[in-house]
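Chemist: pasted the sequence and its predicted model underneath.
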Amino acid sequence: MPLIVVMDDDAGTRMLVSQVLKKDGYDVLAADNGIKGLALIREHKPDLVVSDVQMPEMDGFQVLESVRADSSLAATPIILLTSLAERGHMRQGMATGADDYLTKPFTPQELRDAVNAQLNKLVRSDVLRAMAVDSAVMAALSEQHEKISQLYEDRLASSLAKQWPDGGLVQDSQKFANTTVLFAEISQYGQWAQRLSSAELGDLIRHFYGATGDTVHLFGAHYMQFVGDGMLCVFVDTGDTLSVNHGLRAVRAALGLKDASRRVTGFAQQQFAGRNLPLFALNVALHSGPVAFARLEGLSGGRAQTAPVGDTVAATLRMFQGQPAIDWALAASVQTARLVTGAVRTDRRALVKVSGRANPIDVVEITGLV
């Protein structure tokens, strides 16, 4: 059975986590501080680490840093435990290489779900390594990737040149070959707009922004912009987030947005009681692929803006506008689904035709984490 190291200076939490995992058949080693826990990790090389953030002598972030710095341990998945009062720790943990986090108090089932998700990732990684092709094929694929990337960049540059004829308008472009784009928009927005005044609708949108912005920031979005009744975000892999790929962080952010929408529902029910309003819900689209960030100057008002451009962004924005219409809470392209295979639960699947694209988008419904 997989071996898990648990470290927490609180005896009650340490015992709870250890007993739940032992009952599920895992081998567990426990420590009451970071120094002892790190010693157990180095000696036994566990399959997973569950660590509190606040501990004496060595805190969870220091343990995380030490594990990631050791080449023989760097791939070990780590789940951090933190309290609701320590929101900054969640973002710091994800940005510095934690694979997941749990906020105290958490239920035994939430612990099981988090542990199972990480161990399933390990199994998936082993399978992928077993299926790896030889070096000659990899070299050919690399060459093909370079050609496709160059073709994409040439087409992007041509498209921008046509949109902004003055050559000085586009500067300091950033290009990412692999990203995941998230677009969340308010479901049944038309009904909200009809039943609320402009001022009331503005209050609702502001509450939506406040409830969702922190959630996306928590999972390390590289770019975030609110667009009318929606939110556009781009996730990329950086040096601080390589242990959690952009696709999985985007999915976790999307699921977090579903929780945030419940808070907006509570606000709406309290603020607009008796108005027969629909439940507040979001439609969230995810799509993975290349994205460029163009710095556009000379726009209205004279202010420079940075905007993500490319087919990946356009396809994400239009996913819920295509045919056949989909009414899922969370829809992901197969490109995104492949990045998180084994870590999420999926249900329905459809080929969605959207305007401006010759080929339909193959999308699946994501219902939660494994």
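Modeler: Cool, the structure landed.
Chemist: low-confidence stretches in the protein?
Modeler: 84-97, 122-173, 211, 214, 228, 239-243, 296-305 (pLDDT under 70).
Chemist: domain map for the chain?
Modeler: Using automatic domain parsing, the domain ranges for the chain come out as 3-130, 133-163, 165-369.
Chemist: give me the distance from the first one to the chain's centre.
Modeler: In other words, domain 3-130. From the chain centre to the centre of domain 3-130 is a distance of 19 Å (CA atoms, centre = their mean, to the nearest Å).
Chemist: equivalent analysis for the last one, please.
Modeler: Between the centre of domain 165-369 and the centre of its host chain there is 11 Å, according to CA atoms, centre = their mean.
Chemist: mind listing what's buried in the host helix or strand of residue 102?
Modeler: Element membership of residue 102 [criterion: DSSP states H and E] is strand 100-104. Across strand 100-104, burial judged by 16 or more other CB atoms under 10 Å covers 100-103. Heads up, the C-betas are built off the backbone N, CA and C, glycines and all.
Chemist: mind listing the strands it pairs with, and their directions?
Modeler: strand 78-83 (parallel) (DSSP bridges).
Chemist: quick one: buried residues of the partner strand?
Modeler: Result for strand 78-83 [16+ other CB under 10 Å]: buried residues 78-82.
Chemist: next one: stretch 345-354
Modeler: By 16+ other CB under 10 Å, the buried positions in stretch 345-354 come out as 346, 350, 352, 354.
Chemist: do stretch 34-45 as well
Modeler: Neighbour-count burial for stretch 34-45 [16+ other CB under 10 Å]: 34-38, 40-41.
Chemist: closest to residue 50 out of these?
Modeler: Residue 50 lies nearest to residue 37 out of the buried residues of stretch 34-45, by CB to CB, at 9.6 Å.
Chemist: for the closest one, which three-state class applies?
Modeler: Of the three states, residue 37 takes helix under DSSP: H, G, I helix; E, B strand; the rest coil.
Chemist: who are the contact partners of it?
Modeler: By CB atoms under 8 Å, 6 or more residues apart in numbering, residue 37 lies in contact with 5-7, 31, 49, 51, 58, 63.
Chemist: so which of the residues you listed belong to strands?
Modeler: 5-7, 31, 49, 51 (DSSP state E).
Chemist: what about the longest strand in the chain?
Modeler: From DSSP E, the single longest strand across the chain is strand 170-186.
Chemist: which elements pack onto that one?
Modeler: Helices and strands touching strand 170-186, by 3 or more CB pairs under 8 Å, 6 or more residues apart in numbering; DSSP states H and E, are helix 135-163, helix 198-218, strand 230-236, helix 246-271, strand 282-296, helix 311-318.
Chemist: got the buried residues for the fourth one?
Modeler: By that I understand helix 246-271. Buried residues in helix 246-271, defined by neighbour count with 16+ other CB under 10 Å: 246-258, 260-261, 264, 267-268.
Chemist: in this structure residue 3 contacts residue 30, no?
Modeler: No: Residue 3 is beyond contact range of residue 30, at 11.8 Å (criterion: CB atoms under 8 Å).
Chemist: before we move on, back to that, the longest strand of the chain: what's the following helix or strand?
Modeler: Using DSSP H and E, the next helix or strand after strand 170-186 towards the C-terminus is helix 189-195.
Chemist: and that next one, what does it pack onto?
Modeler: In terms of contacts (3+ CB pairs under 8 Å, 6+ apart), helix 189-195 is packed against helix 198-218.
Chemist: next, the contact list for the closest residue in space to residue 205 that isn't next to it in sequence, please.
Modeler: Spatially, and ignoring its direct neighbours in sequence, residue 205 is nearest to residue 229 (6.4 Å; CB to CB, 6 or more residues apart in numbering). Contact analysis of residue 229 by CB under 8 Å, 6+ apart lists 185-186, 189, 205, 208.
Chemist: quick check: the two most widely separated of those residues?
Modeler: Using CB to CB, the pair of the contacts of residue 229 lying farthest apart is 185 and 205, separated by 11.4 Å.
Chemist: hang on, the earlier thing: more crowded one of residue 3 and residue 30?
Modeler: A count of neighbours by other CB atoms under 10 Å puts residue 30 above the other of residue 3 and residue 30, at 20 against 14.
Chemist: not counting its neighbours along the chain, what's nearest that one?
Modeler: Using CB to CB, 6+ apart and skipping the chain neighbours, the partner closest in space to residue 30 is residue 6 (4.7 Å).
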